[in-house]
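Visitor: Next input, structure requested:
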Amino acid sequence: MPLLAVDDLRFGFASGSGQVILDEVSFALAAGEVVGLAGASGIGKSTLLELICGNLEPLQGSIDWQIGLPSVAYAPQSDVLLDFRTVVENSALLLETNQIEKSVMRERLEFIRTALLQLDLNQYRHSIPPHLSGGMRQRVQVVQALAAPQSLLMLDEPFSEQDLDQQHKLERLVRGCCKARCQAAIVVSHDLSALAALCDRVIFLGRKPATIVKTIEVPPSVRSEGRSSEQFSAFELDLWAQRATVAGL
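Guide: Below you'll find the predicted structure:
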């Protein structure tokens, strides 16, 4: 059984026009798998994440978990850091709100220390969010999600505030954590280069109401060859071509 199975999901808001936003959305996610979610702006990618983590109720369909209950660490587009907590304290927030073994707690606290170093945040570890740039806040929120004990990470546009150097560091950190811990991840991004470098497959949402119109497997050789390789460039161009087809551009 997969970690997560989404079957025939349909969603729309009852108020206003009652327009259906998502329809017939089905996919499965295995433990340790990193999946990219792509599509035009406003197509319903963030709405799908909200449905998976239980913040919204579908009109029909099901979201089934291997463990029976949702286990999600969610980093939305706008950070939800607590202004009165330091960088270290915000990074460890989801550890405090979950009952975990002491050995896991030690490992995750060490992870936070290492991640803050890797992401050039160590010198700000005792700073509070109002004293940080938008990019720094975004990196702290990603560290918070990665440090959590949940089995699924959901990252909504985690690179939007980052320069290329920090983006590449985040990509390596996310993929390394998922593979080492057998955690799954869904990553929403308009940056198809990031999804090619990070993900095992990319799911495209398209049409209205939105549904899954294309799923593309990322060959392992694309990631291993790196961004400077011809194979990576060719695959990235193919992703952009697929996106253009999906969006009807």
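Visitor: Show me this structure divided up by domain.
Guide: Domain assignment for the chain by automatic domain parsing gives 1-71+151-249, 80-150.
Visitor: does residue 105 count as helix, strand or coil?
Guide: For residue 105, the assignment made with DSSP: H, G, I helix; E, B strand; the rest coil gives helix.
Visitor: How many residues are close by the closest residue to it other than its chain neighbours?
Guide: Excluding the flanking residues, the one nearest residue 105 by C-beta to C-beta, 6 or more residues apart in numbering is residue 95, at 6.2 Å. Every C-beta, even on glycine, is put in place using the N, C-alpha and C of the backbone. Residues within reach of residue 95, counting by other C-beta atoms under 10 Å, total 18.
Visitor: and what of residue 115?
Guide: Residues near residue 115, counting by other C-beta under 10 Å: 24.
Visitor: Which strands or helices does the helix or strand containing it pack on?
Guide: Taking DSSP states H and E as the definition, one finds residue 115 inside helix 102-118. Counting by 3 or more C-beta pairs under 8 Å, 6 or more residues apart in numbering; DSSP states H and E, the packing neighbours recorded for helix 102-118 are helix 87-91, helix 93-96, helix 134-147, helix 164-181.
Visitor: Comparing those helices, which yields the minimum mean pLDDT?
Guide: Comparing mean pLDDT over the helices and strands packed on helix 102-118, the weakest stretch is helix 93-96, at a mean of 88.
Visitor: Touching it from outside, list them.
Guide: By C-beta atoms under 8 Å, 6 or more residues apart in numbering, the residues outside helix 93-96 that reach it are 73, 82, 85, 105, 108, 109, 144, 145, 147, 148, 149, 150.
Visitor: on that earlier part again, switch the helices and strands packed on helix 102-118 over to a markdown table; also include distance to residue 192.
Guide: Shown next, in a markdown table, are those (distance: least, C-beta to C-beta, whole Å):
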| stretch | distance to residue 192 |
| --- | --- |
| helix 87-91 | 29 |
| helix 93-96 | 29 |
| helix 134-147 | 19 |
| helix 164-181 | 13 |
